[in-house]
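1. Provide a 3D model corresponding to the input given below.
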Amino acid sequence: MNEYEKLIHRNKRELSNFKGNLLNTVAGKTAKSIMVTSAMNGEGKTTTALSIAHTLANEAKDRVYLADGSWNAPRLDKLFNVVENPGISDYLQDEADSEMIVRQTKTENLFVIPFGKKAATVTEILKPLKLKEKLDTLKNRCDYLIFDATSVMGSSDIAVLSSFFDGVIMVIECEKTKWQVVDLAKSKLESADAKLIGAVMNKRKFYIPKWLYGYI
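-> Below you'll find the model as predicted:
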């Protein structure tokens with residue numbers, strides 16, 4: 001069992017609760033490209049992005065590209081045990097074509113795009129004039145493009161990048177991330193014309209057995 005399979009197994013129960021809402025949200029494929037981000041680092045956005053991609057590929061039988069856009073700490077290559085280069089950064093810098101960066105995973109319909117070579121600055125990667133064309137090319141080759149982005153407060157560029165996606169999902173760590181921080185991150189995304197389509201409350205703590213919550 002690789003790291004990806006272990007992560008899915010650990011989150012099996014939460015994934016079961018989550019998939020119904022997710023499949024309803026994306027029904028009709030009006031949001032084909034989805035960015036997953038959070039206000040701060042470490043809130044679980046990679047786990048959430050991976051869970052979304054797994055659910056769409058495994059339950060809806062859609063062809064899914066999961067791209068690693070977390071330039072501060074990319075790790076999808078390690079989770080899936082695939083070659084790191086070339087990846088999405090090489091593609092966005094015209095150093096690789098779209099076919100070279102996609103890796104098949106053990107899960108049918110699920111493909112991963114690693115981050116690839118790190119650029120000196122994020123500005124070298126995010127060139128707005130080419131970004132839409134590049135992302136559209138990837139979207140046309142799959143049913144869904146899930147983009148595991150860096151956190152909103154961790155980069156001044158992420159809000160701008162978010163406007164190139166059909167939808168944005170925010171991950172919020174329960175009982176840790178202050179609502180003021182979440183509100184500020186939300187405002188940054190909305191100021192950049194990002195389309196927020198949902199939020200995931202992550203790392204929820206249960207103070208009584210989980211099954212009792214259904215009776216409260």
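2. Can you name the residues that contact residue 125?
-> If a contact means CB atoms under 8 Å, 6 or more residues apart in numbering, then residue 125 has 71, 89, 92, 93, 119 as its contacts. Glycine gets a C-beta too; all of them are placed from N, C-alpha and C.
3. go again using 10 Å as the cut-off
-> With contacts taken as CB atoms under 10 Å, 6 or more residues apart in numbering, residue 125 has the following neighbours: 69, 71, 88-93, 115-119, 131, 157, 161.
4. quick one: which of the residues you listed sit in strands?
-> Where those overlap with strands, as defined by DSSP state E, the overlap consists of residue 69.
5. In the contacts of residue 125, which residue is surrounded by the most others?
-> Neighbour counts for the contacts of residue 125 peak at residue 88, which has 28 neighbours (criterion: other CB atoms under 10 Å).
6. so where do the strands sit in the chain?
-> Remark: strands of the chain, listed N- to C-terminal, are 33-38, 64-69, 103-104, 110-113, 144-149, 167-173, 196-202; assignment by DSSP E.
7. between the contacts of residue 125, which is nearest residue 186?
-> residue 161 (15.7 Å; CB to CB).
8. circling back: is it possible to get a markdown table of the strands of the chain that adds distance to residue 56?
-> Rendered in a markdown table, the data for these read as follows (distance: least, CB to CB, whole Å):
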| stretch | distance to residue 56 |
| --- | --- |
| strand 33-38 | 9 |
| strand 64-69 | 5 |
| strand 103-104 | 16 |
| strand 110-113 | 8 |
| strand 144-149 | 5 |
| strand 167-173 | 12 |
| strand 196-202 | 14 |
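9. closest to residue 182 out of those?
-> Once the strands of the chain are compared by CB to CB, strand 167-173 is nearest, at 5.7 Å.
10. which helices and strands does the closest one pack with?
-> If you count contacts as 3 or more CB pairs under 10 Å, 6 or more residues apart in numbering; DSSP states H and E, strand 167-173 packs onto helix 12-25, strand 33-38, helix 45-58, strand 144-149, helix 158-162, helix 179-191, strand 196-202.
11. coming back round to it: out of the contacts of residue 125, which sit inside helices?
-> 88, 89, 90, 91, 92, 131, 161 (DSSP state H).
12. Skipping adjacent residues, who's closest to the second one in space?
-> Yep, that's residue 89 we're talking about. residue 116 (4.4 Å; CB to CB, 6 or more residues apart in numbering).
13. Now render the helices and strands packed on strand 167-173 as a markdown table, adding distance to residue 75 and mean pLDDT.
-> Supplementary listing: the helices and strands packed on strand 167-173 in a markdown table, determined by distance: least, CB to CB, whole Å; pLDDT from 0 to 100:
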| stretch | distance to residue 75 | mean pLDDT |
| --- | --- | --- |
| helix 12-25 | 19 | 63 |
| strand 33-38 | 14 | 94 |
| helix 45-58 | 7 | 90 |
| strand 144-149 | 9 | 95 |
| helix 158-162 | 17 | 86 |
| helix 179-191 | 22 | 90 |
| strand 196-202 | 17 | 83 |
